[in-house]
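Asks: Next comes the sequence, and after it the predicted model I'd like to discuss.
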Amino acid sequence: MATAWEHPDFDRAMEEAAHRDVSILSIPEIIINDLHLHELTSLALPAMARYNNPPTIFVRSGQLVRIRLDESNSAIIEVLSESALRGYLSRCARFVAYVPGEREPKPTDPSVKLVKDIIALPGWPEFQPITGIVTSPVMRADGSIHNWPGYDPETRTYYAGGLRLDIPEKPTKEDAVECARYILNEVLCDFPFADEASKANVLAALLTVVTKNLVNGNTPLGLIDKPQAGTGASLIAEIVAEITTGTGACMEACPDSDEEWRKAITSILMRGPQMVVLDNLSDTLKAPKLSQMLTARTWSDRLLGQNRIIDLPQTAAWFVTGNNIQLAGDIARRSYWIRLNAGIAQPWLREGFKHPNLK
């Protein structure tokens, strides 16, 4: 059974990460006098790693990143800036310096040179790698389930809450049949699928999101298509997201050019979502960059305004919604089709739904 829930452990971890009281922690003292920069760095990194418990700082795409809550109280991944790192250092260790003529050392702030040296290191073995944030339990490669808030080293994901699933240790085929019947005959009963294949492909879409970590490769693009607006394509995408992630989908507009596609893909993957919906396609879907991303395990791009190349893991399930979607290039063989057709001129005026407020 899947239910929305609050994760006090996750909330507590995020609060502790932001408001740890250094006065009650046994933090190390680092005397900066007569130390070379690399010696200071070698003392600071273990202090950072010790303080990173529960972990909120990770390594991703050759950068130090942190998990934080945005203004909507959703967990996001962001690059650890120099200012943030300097503040973090000041909390994980007590930096002091001896001043001539003084018997006791004086407190001091971590230097900017120290911050820059840590960021410039070729690697940070003290911190775990992370591929993305999930808001529902994820399946590991061995079939077990990561079902508790926090970091999972096997899937390299950070579970930030959303859904908790009460799953039997050994589900039976009958359990699976019952679940499939409920989804197809209850949840999806009001959608006007054009054929049985389209209905089956919605079930496949659900499975694609929840079993992403079991797939040793890429997954195709889900095309949710209909003759005209008001048929339910966007709602299908939202329902898939609600069921599989416990939260709304990452909804994005379709870019107009291949260059805009490149920027959009990089921006989306930096956030590490489970599911991405490119909503309301208004033209032919011809995007070489999108085709490239769909077959890549890692997406490489240059950071905006910089000459630095970053490598981002492509771990999301992608979907496009639109009216009478037309495909060009290689997209067709990298997609699967879900077609809705209400068979009336104004489908948004339909009545008599079994579940009028499905969400």
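Replies: Everything's here; your move.
Asks: Kindly confirm my reading that Ile67 forms part of a strand.
Replies: Yes - residue state for Ile67 (DSSP: H, G, I helix; E, B strand; the rest coil) corresponds to a strand.
Asks: For it, give the beta-bridge partners.
Replies: With DSSP bridges applied, Ile67 shows beta-bridge pairing to Ile77.
Asks: Check which residues of the helix or strand containing Trp318 are buried.
Replies: Using DSSP states H and E, Trp318 sits within strand 317-323. By neighbour count with 16 or more other C-beta atoms under 10 Å, strand 317-323 contains the buried residues Ala317, Trp318, Phe319, Val320, Thr321, Gly322. Heads up, the C-betas are built off the backbone N, CA and C, glycines and all.
Asks: pretty sure the third one contacts Thr219?
Replies: No - applying C-beta atoms under 8 Å as the test, Phe319 and Thr219 come out as separate, 10.7 Å apart.
Asks: So which residues of the stretch 1-150 of the chain form helices?
Replies: Taking DSSP state H, counting those that start in this stretch as the criterion, the stretch 1-150 of the chain carries its helices at 8-19, 37-51, 82-92, 112-119.
Asks: hey, where'd the helices end up in the stretch 251-359 of the chain?
Replies: Remark: helices assigned in the stretch 251-359 of the chain by DSSP H, counting those that start in this stretch are 258-271, 288-294.
Asks: Can you tell me what sits against the longest one?
Replies: This points to helix 258-271. Applying C-beta atoms under 8 Å, 6 or more residues apart in numbering, the contact partners of helix 258-271 are 61, 76-77, 133, 250, 252, 255, 276, 287-290, 293, 299, 301, 304, 310, 312-314, 316.
Asks: Stretch 83-97 too?
Replies: The contact list for stretch 83-97 (C-beta under 8 Å, 6+ apart) reads 20, 22, 27-33, 43-44, 47-48, 50-52, 57, 64, 66, 80, 105-110, 112, 114-115, 118-119.
Asks: Look through this protein and report the residue furthest from the middle.
Replies: Within the chain, the residue lying farthest from the chain centre (C-alpha atoms, centre = their mean) is Gly101, at 53.5 Å.
Asks: quick one: that residue from Ile30, how far?
Replies: Per C-beta to C-beta, to the nearest Å, Gly101 is found 22 Å from Ile30.
Asks: cool, and Asp70?
Replies: Separation of Asp70 from Ile30 (C-beta to C-beta): 32 Å.
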